[in-house]
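Colleague: A predicted structure for the sequence below; I have some questions about it.
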Amino acid sequence: MKAPTRELVTAAQAGETVYIGEVRRRFAALGPAASFTVRCTFRDLDGAPRPYDLTLPRFEGLAEPERGLAIEYFLASLYNIVSTIGGEELRLQAAGDPPELGLLADAFVREFGLERSRRDRSGYGRAINVAERMIESLSGRGATPGRRFRCTLDRAAPAAPPPPPAPAAAAAGGILEVCRDAVQGLERKILCGIDVGGTDIKLALAVRGKVVRFMEYDWFPASFTAIDQLIHPIVVLTRLMRLEALRAADAGAAAALGDALEPAFAPGAEISRIAQAVEAGERRAPGAGFRLDGIGLCFPDVVVRDKIVGGEVYKTRGIRENPAIDYEREFRKLSHLDEELRAWVGSEGVVGIVNDGPMAAFTAAVEAAAADPRSVESGVFAHTLGTELGTGWVTEAGAIPDIPLEVYNCVIDLGSYPERRFEPDDARSVNNFNTRLPGTLQKYTSQSGVFRLAAKYLPRESPALWREIRERGFLVEEGDSLKVPTAPKDLRKPFLEFLMRIPERGGEPAVDRIFREMGEFLAVAFRETEFLLAPRARERILFGRLVKHRPCFALMLEGARRIEPSLVLGVADDELANTRFMQELEGNPHHTVAQFAQAIGAIHYANHRHREAARRAGRAAG
């Protein structure tokens, strides 16, 4: 009876991956005498119940490592649910009121830090911090303390097995209407799309039906110690785009501006130099009242109704760990970014902010619908693969659900014990940068996952390539750690690009193995999102640097289908360039669709929001 649990522990101790879905399958197959099932009902922010059933082995007679794995599976499953759907309450029930139920409830309260302050929570508790900030934001209480997440133990037997999670609330008209709306009337608008990432900010500017500027600004927000360091570059770049729009729209302004803005567009320009150019341009240019019609921005954190409310991501780690500040008060400044940017749009203009994952899904939906409306009828589910894993979902109703959807934080691997001993910043570590929890997607389906697998396989399987990597300085020893340098020069992008070029020329099976395993991890992520959300959309559309090289993507697809043979993966590349603006990007000799697709998508999102606001204003006036 206990053999499956013992086998899983043995595999984990040997350094093998033990996928959470496989643990779920094995535990579900245990007979009634050897197992019990816990009904975990989450109440979401709209008050609706979301029930999940988790089967576990009976604890009696289990060796300590086996019991530990069972409890970790239970906690990790709940953590994945909170990270994905949020909520404000958890109710636990089990038929027969087994003695394990109270132990598990106590473990949840303790390990998720329900009785601690947000600053004192660690590990699983970080997901509770996000859930509580969402509660505050959606309840309208803002800076005032809101309701705390609760856990209740219900001794009554649960009812019949739960239905699949209900889809998100419908938006009027459905996804096809939203997609059509996003591309209409662009010839009358001046719109800016901003894609904020962990290593760069990408911007695209459209003036009356034509994209007039693409720009990329490199930064390293994880090193910042104050929120203003995050906000300032975004605002300065927005001011720059306003001036560039004025230059494109008005010949007189263009003459007055002359070459004042050119230093801002120089490759590698620091923000101080960009700010100087902006200030010089603002002094020269007429039309101080000139404003954009809309700004669409995607940000790598939880966003609800244009408010950034997460606060537990890698990008804010340096700020979060700054002992000289009150982080809750400091972070609230970032939640007002939409208000800061509103100064640069007109009185009827809009600022639409969403997480980078939903923006990827929205972008994919608009482009796919332009080619084949039927292809988006079930909604769109997308991932961005870059510094981390972003996840986005636009439902068949055209809605972006008000849920955290922090899939990059989901635990998929309950094994790999030897790799847990490394600090999170060590390239070999499976531990999350923010929570320190092992086995989360952050260290599997991202550039960190590529670096980790390179450090795991190449020393033994490709010693010559490993020597070259070390000689190039892509991985360096700092004390007992092995790291990719980020200063004085950030080598993350160059190292990733170096590895991604290798499959093109072939002859390195160890590198091919890395990208196949990346595909496996994506398939495991697919299975976990199926369990958590049951979206109607079956295809997963991929954005980002990790899929821009076709040989790498082909290897990832091969690996994914080892786990999930029917999985359909699509790439947001030139084949997704179906709207006018995306085709302009496709034809650009200096930039690629893979680079700037989300910035274009953000323009379309801003346009949709602008048109939506105009319709509401019209209905109110009528």
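Modeller: Happy to help now that I have it.

Colleague: pretty sure Phe42 is in a strand, no?
Modeller: Yes: checked against DSSP: H, G, I helix; E, B strand; the rest coil, Phe42 lies within a strand.

Colleague: Who is it paired with across the strands?
Modeller: On the basis of DSSP bridges, Phe42 takes part in beta bridges with Arg50, Leu90.

Colleague: is it true that Glu7 lies in a helix?
Modeller: Yes: assessed with three-state DSSP, Glu7 lies in a helix.

Colleague: Burial check on it, number of neighbours?
Modeller: 13 (other C-beta atoms under 10 Å). Placement of C-beta: from N, CA and C, glycine included.

Colleague: for this protein, which helix is longest?
Modeller: helix 593-621 (DSSP state H).

Colleague: need the helices for the stretch 451-600 of the chain, in chain order.
Modeller: 463-471, 492-505, 509-533, 550-563, 580-586, 593-621 (DSSP state H, counting those that start in this stretch).

Colleague: Same list (these) but as TSV, adding mean pLDDT and mean neighbour count.
Modeller: Below are those laid out as TSV (pLDDT from 0 to 100; neighbours: other C-beta atoms under 10 Å):
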stretch	mean pLDDT	mean neighbour count
helix 463-471	98	14
helix 492-505	95	17
helix 509-533	97	22
helix 550-563	96	19
helix 580-586	95	20
helix 593-621	92	21
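
Colleague: any chance of these in a markdown table, plus distance to Leu240?
Modeller: Shown next, in a markdown table, are the helices of the stretch 451-600 of the chain (distance: least, C-beta to C-beta, whole Å):
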| stretch | distance to Leu240 |
| --- | --- |
| helix 463-471 | 37 |
| helix 492-505 | 23 |
| helix 509-533 | 36 |
| helix 550-563 | 34 |
| helix 580-586 | 19 |
| helix 593-621 | 14 |
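
Colleague: And the ones you listed: which comes nearest Arg155?
Modeller: helix 509-533 (26.4 Å; C-beta to C-beta).

Colleague: what's near enough to touch the closest residue to Glu564 other than its chain neighbours?
Modeller: Sequence neighbours aside, Ala523 is the residue nearest to Glu564 in space, at 4.2 Å (criterion: C-beta to C-beta, 6 or more residues apart in numbering). For Ala523, the contact set (C-beta atoms under 8 Å, 6 or more residues apart in numbering) comprises Gly559, Ala560, Arg561, Arg562, Ile563, Glu564, Leu567.

Colleague: Please apply the same query to Asp200.
Modeller: Contacts of Asp200 (C-beta under 8 Å, 6+ apart): Glu216, Tyr217, Asp218, Trp219.

Colleague: Which among these count as buried?
Modeller: By neighbour count, with 16 or more other C-beta atoms under 10 Å, the contacts of Asp200 hold Glu216, Tyr217, Trp219 as buried.

Colleague: pretty sure the second one is in a strand, no?
Modeller: This means Tyr217. Yes: under three-state DSSP, Tyr217 sits within a strand.

Colleague: In stretch 10-17, which residues are buried?
Modeller: Ala11, Ala12, Thr17.

Colleague: Show the pLDDT at the second one.
Modeller: Each residue has a pLDDT score; the one for Ala12 is 98.

Colleague: does it really touch Leu414, like I thought?
Modeller: Yes: at 6.5 Å, Ala12 counts as touching Leu414 under the criterion of C-beta atoms under 8 Å.

Colleague: which neighbours do these two share?
Modeller: Val18, Leu69.

Colleague: And the contacts of stretch 148-158?
Modeller: 39, 51, 87-97, 101-102, 105, 108-109, 112, 114, 128, 131-132, 135.

Colleague: Which ones among the residues you listed lie within strands?
Modeller: When DSSP state E is applied, the contacts of stretch 148-158 are split such that Arg39, Pro51, Glu89, Leu90, Arg91, Leu92, Gln93, Ala94 fall in strands.

Colleague: so the closest residue to Ala614 other than its chain neighbours is in which element?
Modeller: Spatially, and ignoring its direct neighbours in sequence, Ala614 is nearest to Glu348 (7.2 Å; C-beta to C-beta, 6+ apart). For Glu348, the host element (DSSP states H and E) is strand 345-355.

Colleague: Who are the packing partners of that strand?
Modeller: For strand 345-355, the packing partners by 3 or more C-beta pairs under 8 Å, 6 or more residues apart in numbering; DSSP states H and E come out as strand 292-299, strand 303-304, helix 337-342, helix 593-621.

Colleague: Make JSON lines from the ones you listed and add distance to Glu528 to it.
Modeller: Putting the helices and strands packed on strand 345-355 into JSON lines (distance: least, C-beta to C-beta, whole Å) gives the following:
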{"stretch": "strand 292-299", "distance to Glu528": "23"}
{"stretch": "strand 303-304", "distance to Glu528": "22"}
{"stretch": "helix 337-342", "distance to Glu528": "30"}
{"stretch": "helix 593-621", "distance to Glu528": "24"}
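
Colleague: Of all the helices of the stretch 451-600 of the chain, which one is nearest Gly479?
Modeller: Going by C-beta to C-beta, the one of those nearest Gly479 is helix 463-471, 16.3 Å.

Colleague: As PDB, could you dump the C-alpha coordinates of the closest one?
Modeller: This file holds the C-alpha atoms of helix 463-471, laid out as PDB (Å, rounded to 0.1, in the frame of the first residue of the first chain):
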ATOM      1  CA  PRO A 463      32.900  19.100 -21.000                       C
ATOM      2  CA  ALA A 464      34.300  21.200 -23.900                       C
ATOM      3  CA  LEU A 465      31.200  23.300 -24.100                       C
ATOM      4  CA  TRP A 466      31.200  23.700 -20.300                       C
ATOM      5  CA  ARG A 467      34.800  25.000 -20.500                       C
ATOM      6  CA  GLU A 468      33.800  27.500 -23.100                       C
ATOM      7  CA  ILE A 469      30.900  28.800 -21.000                       C
ATOM      8  CA  ARG A 470      33.200  29.300 -18.100                       C
ATOM      9  CA  GLU A 471      35.900  30.900 -20.200                       C
END
